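J.: coordinates only, sequence not included:
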């Protein structure tokens, strides 16, 4: 049976790669990412949505200058974390027609631009909800089981590292934009609702086989160009306070989960993106940035995603912390990912 023999030969060649051979981190089999546009590498490309980035000027500094659907000028945190863990250099989207077996064995991203922990957040952007991303993970497990068998699928899943990075859209594009949730909750109560939803998401992921989960907090959303105060261009304090409140509560929940689930050989880590980004803004000169209040592609709510399709970017992107009116540049992401990896995420190794 030459076809069967060919598949066996292919698997024999690929399994050492999946086992982390040559990385020095043999227990990390794969990296998986859930979240929003901060970590979406192109899952929205084929959706009918405004939240997509598979066109210039996005991707101008990505390998080959290709706009892949990543919401930046180059790589995004999922790619960088996969590299830091020694797995691979790019973390591909799960939704697409060009995934290879090596991609499935070493991890993919399920993140969708416009998503959040609140299911209502995904509705205006027609994004994949957080629950939908978990359903995609179940589909991934079935697909991998068909290709390599249940034992190998279980090994990849149990030895993988998982990240979730959501919450900013819940505040910026939901609570502070539409009246529905503001009629139902005051801000502290809504944050409690988000924290509860995020914990439920994390526990479901854990129950699906994820043993090592990194939780990326909400950045200082009041300091992104589109959310700064008009005129003064100061950071919006209420939006930042909401992000800080969420982060402080979720960090406590992560500590609780670690205490409760230690016997199940599960690990949870909180990645503090808030103060890492704030440090870039406050000490921008130290990091080689000149522009902190404006985006390289513009600074209003309409200077992001499909609204800047084929528009020219600034000529000096390396001076900017923000690429568009919401998302950082590759240079800024690299510095932030290094910080949170060194401070918190090495616990997952």
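T.: Nice, I can see it. Here the structure is a predicted model, which means the values were calculated and not measured. Numbering: from 1, shown residues only.

J.: now the spatially most central residue of the chain, what's its secondary structure?
T.: What sits nearest the mean C-alpha location of the chain, by Cα atoms, centre = their mean, is residue 39, with 3.0 Å. Taken by DSSP: H, G, I helix; E, B strand; the rest coil, the conformation at residue 39 corresponds to coil.

J.: that one reaches residue 110, doesn't it?
T.: No - judged on Cβ atoms under 8 Å, residue 39 makes no contact with residue 110 at a distance of 9.5 Å. Where you see a C-beta, it was placed from the backbone N, CA and C, and this is true even at glycine.

J.: check contacts around the residue nearest to the centre of the chain.
T.: Residue 39 makes contact with 33, 76, 77, 78, 109, 111, 163, 165, 216, according to Cβ atoms under 8 Å, 6 or more residues apart in numbering.

J.: phi, psi for residue 294 please.
T.: Dihedral pair for residue 294: phi -120, psi 160, per degrees, to the nearest 10.

J.: OK, contacts around it?
T.: By Cβ under 8 Å, 6+ apart, the contact list for residue 294 reads 225, 233, 320, 322.

J.: and these, which two are furthest apart?
T.: 233 and 320 (14.2 Å; Cβ to Cβ).

J.: the two: who's more crowded?
T.: The residue with more neighbours, out of residue 233 and residue 320, is residue 320; 25 against 13, by other Cβ atoms under 10 Å.

J.: below-threshold pLDDT in the stretch 201-349 of the chain: ranges please.
T.: For the stretch 201-349 of the chain, the stretches flagged by pLDDT under 70 are 262-263.

J.: what segments of it are strands?
T.: All strands of the stretch 201-349 of the chain, identified by DSSP state E, counting those that start in this stretch, fall at 212-216, 267-271, 291-295, 320-322.

J.: can you put those strands in a markdown table and add distance to residue 307?
T.: Below are the strands of the stretch 201-349 of the chain laid out as a markdown table (distance: least, Cβ to Cβ, whole Å):
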| stretch | distance to residue 307 |
| --- | --- |
| strand 212-216 | 26 |
| strand 267-271 | 29 |
| strand 291-295 | 12 |
| strand 320-322 | 15 |
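
J.: can you list the contacts of residue 294 in JSON lines and add distance to residue 44?
T.: Converted to JSON lines, these look like this (distance: Cβ to Cβ, whole Å):
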{"residue": "225", "distance to residue 44": "21"}
{"residue": "233", "distance to residue 44": "30"}
{"residue": "320", "distance to residue 44": "24"}
{"residue": "322", "distance to residue 44": "20"}
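
J.: which residue ranges of the protein form helices?
T.: Here the chain has its helices, by DSSP state H, at 2-18, 77-84, 101-106, 122-125, 130-148, 150-159, 168-169, 179-184, 187-207, 237-261, 273-282, 330-343.
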